[in-house]
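**Q** Based on what follows, work out the 3D shape:
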Amino acid sequence: MYDKLLSLILSQNNSFLSDYARKNNINKMVGTVLYSKDKIIIIGVKNFLFLLENQSNQHFKTGIRVNLNFLKSQEKTNYIDAPINMKYLGELSKDGFKLSLKFPNFKNIDAINLKTPNITESQNMKASIWLSEFSRTLNGQLKNLKFDNLETREITSFKKLTEKIVAALLKSFKDNLNSVLSPSHSANKILDMIRAYISKRDNPNFFSKNEIRLMKELLTLQEKDKNIMLNKNESQIIKKNNIVDKTLSSYLTIKNLSLETKTPLMFFSIFGMPIFFTIDREYQNNSKSYQNKTMNQKLNLILLTNNFGVVDAHIQSFEKEIYISFELENNSEYFKLKKQYLIKKLEEKDYQVKRIDFV
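**A** Numbering: from 1, shown residues only. So this is what the prediction gives:
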């Protein structure tokens, strides 16, 4: 009953699995359903995990065996009885994860490749389930966005952004965090970053003069006294504004993260710009106390900008020593011109800047 063709295999010629079959002159393989829930199907074939979305009404039970047929693109499938329609979401092999990524009108970009963290078989399965739902949500929403006026280099930036964020999220499974950001939430936040990019591209005056003035006022208040933002009269000092409110909320959230003992991963908005943010902490003598002054803290911020492309900033601090690394797609020379200004501002905060690198 279940020995039927999965039609996906016919069209997904760039997958690790079909490439393996082609190189070894294999036309057919038998796989086992390892996971089946909410239309997400994961099939194990040799050392591969195939991540699929079931687009039929056929129910698959865990443990059943299915027949996978590998045919050349020009071969017809009329002789195959009732193929089951599946949508390719991704796969896992010894080379890592490959995840489907579909941008309308840009067929040359169809997947992202991710190195597999050094995790257990059980963690691999959890990550595969997470990636399946992430891919389904992200691709389902991408088709609703308008990419008509974008250039290939911009789509490449979207791909790079997704790769970097998903790679950071995969680390959650290796670290055995009690809570991992949900796949649908993560996909929607990446979509927010892409939408913000497109909105600013279509409208150069993304911030009004009034919004810019309010931002400057907020920064001035932060410099004078950060505690003023918790004052009950705060609303009399800062005018209510959607972007500024989000900025204030983001600042307080980051400030309060110093009390966390786990490794947080989060999306937040500052000046209306969505940012992905992670914190990794190491303590001397394995003391998990935020009061420990010898805490080594690593921050990573990933954002999508119109002028610099994807910006990946790594900041490491040990007591008052700071090490910074910037990775930018475009216009890195402008960042380098601001290097001394950044050093000066950090020194005003009594930080010792040991190194600033540009990758």
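**Q** Could you give the bridge partners of L49?
**A** On the basis of DSSP bridges, L49 is bridged to G44, L92.
**Q** quick one: it and V33 touch, right?
**A** No. Counting by Cβ atoms under 8 Å, L49 does not reach V33; the two are 11.2 Å apart. In short, each C-beta sits where N, CA and C put it, glycine included.
**Q** And the two? Which one has more around it.
**A** Between L49 and V33, counting by other Cβ atoms under 10 Å, L49 is the more crowded of the two (23 against 19).
**Q** tell me the contacts of that one?
**A** Going by Cβ atoms under 8 Å, 6 or more residues apart in numbering, L49 touches L34, I42, I43, E91, L92, S93, N124, M125, S128.
**Q** Restricted to buried residues, select these in PyMOL.
**A** Here is the PyMOL command that selects the buried residues among these (16 or more other Cβ atoms under 10 Å):
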select buried, resi 34+42+43+91+92+93+124+125+128
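**Q** what number of residues lie near K349?
**A** When counting by other Cβ under 10 Å, one arrives at 9 neighbours for K349.
**Q** try K189
**A** Neighbours of K189 (other Cβ under 10 Å): 18.
**Q** Isn't it up against F277?
**A** No. Counting by Cβ under 8 Å, K189 stays clear of F277, with 11.0 Å between them.
**Q** Pull up the overlap in contacts between the two.
**A** F267.
**Q** average pLDDT for stretch 46-54?
**A** Here stretch 46-54 scores 89 as its mean pLDDT.
**Q** L101 - nearest residue in space that isn't next to it in sequence?
**A** In this structure, L101 finds its nearest non-sequential neighbour in I112, 5.2 Å apart by Cβ to Cβ, 6 or more residues apart in numbering.
**Q** what are the pairing partners of the strand or helix carrying the one you found, and which direction each?
**A** Here I112 sits within strand 111-114, counting by DSSP states H and E. If you go by DSSP bridges, strand 111-114 pairs up with strand 96-100 (antiparallel).
**Q** Check what contacts the strand it pairs with and list those residues.
**A** 15-16, 88-92, 110-116, 127-128, 131, 134-135, 139, 166, 170.
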